[in-house]
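Colleague: sequence and predicted structure, then a few things I'm wondering about:
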Amino acid sequence: MQSANFDDNFKPKDKVVLIDSKKRIFLITLEIGGKFHSHGGVVDHDLIIGQKEGLNVSTPMGYKLICFHPTLEDIILKMPRGAQVIYPKDIGKILMAADIRPDITVVESGVGSGALSMALLRLNVKLTGYEIREDFLKIALANVESNLGKRNNYILKHRDIYEGIDEAGLDRIILDLPEPQRAVSHAKNALKCGGILLCYLPTINQVSILTEVLRNFGFDYIETTETFERTWNVTTKSVRPDHRMTAHTGFIVKARNT
């Protein structure tokens, strides 16, 4: 999938998800002459190339798979990563809480593997990413370009946002950092009045420290949330919640620049 737009027919270099009868998902990139190897046998990529979404394929051993174009959620959960990615359930909340929409200017720091970057770019924001680790920066850029193609609305900077923010008049700043309070003063100067600062943090102690600093720098309408996600097993014989759920992954702190 070189861009967000594709037709139904699978082409070389397209990303495809293969789903088996137990709902296990495998993400592959199609190549002429390529092969998908699994415990159930081998599937030739050539059997998929040129066919339409929803294709059913089988290995010589009878292992059956169905083929779809991947969703962004599939890509995020299966893509190469350096840092831990933000889970899709939290990305959805972040996009809504920060009121992400086309053409606004956004700075993201703690780019990691590029999961949130891809979600932001698909909404056509003008995005600048700050990443202190060069290895993460390379992984993020490779993931973005592999799944969305090259973007002229995306700039990556190898630098420490704790040392300052180059941009001014920003609409949004999103931080996935261990000490976001160290960037609050820079965010205060870089955000326009009414702009939103949003931080993603794993522990409530970090949230408490950040909230105090936000208040000291005059941010208002500070809100902290977390999102739980539980799937359900629905059959003709029973309806019950699954035994496992994606519970706490991180706190989302949102504040307005006033």
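Modeller: Now that the structure is in, tell me what you want to look at.
Colleague: check which element follows the longest helix along the chain along the chain.
Modeller: If you go by DSSP state H, the chain has its longest helix at helix 134-148. Past helix 134-148, further along toward the C-terminus, the next helix or strand under DSSP states H and E is strand 154-157.
Colleague: kindly export that next one (C-alpha atoms) in PDB.
Modeller: Extracted in PDB, the C-alpha atoms of strand 154-157 (Å, rounded to 0.1, in the frame of the first residue of the first chain):
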ATOM      1  CA  TYR A 154       5.900  15.800   6.900                       C
ATOM      2  CA  ILE A 155       9.200  17.100   8.300                       C
ATOM      3  CA  LEU A 156      11.400  15.000  10.700                       C
ATOM      4  CA  LYS A 157      14.000  16.700  12.900                       C
END
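Colleague: tell me which residues in it are buried?
Modeller: Neighbour-count burial for strand 154-157 flags Tyr154, Leu156, Lys157 (criterion: 16 or more other Cβ atoms under 10 Å). The C-beta positions use only the backbone N, C-alpha and C, and glycine is treated the same way.
Colleague: for the closest residue to the first one other than its chain neighbours, give its distance to Gly112.
Modeller: Nearest in space to Tyr154, with sequence neighbours left out and distances taken as Cβ to Cβ, 6 or more residues apart in numbering, is Leu127 at 5.2 Å. Summarising the geometry, the distance separating Leu127 from Gly112, computed by Cβ to Cβ, to the nearest Å, is 14 Å.
Colleague: now do Glu163
Modeller: Glu163 sits 19 Å away from Gly112, going by Cβ to Cβ.
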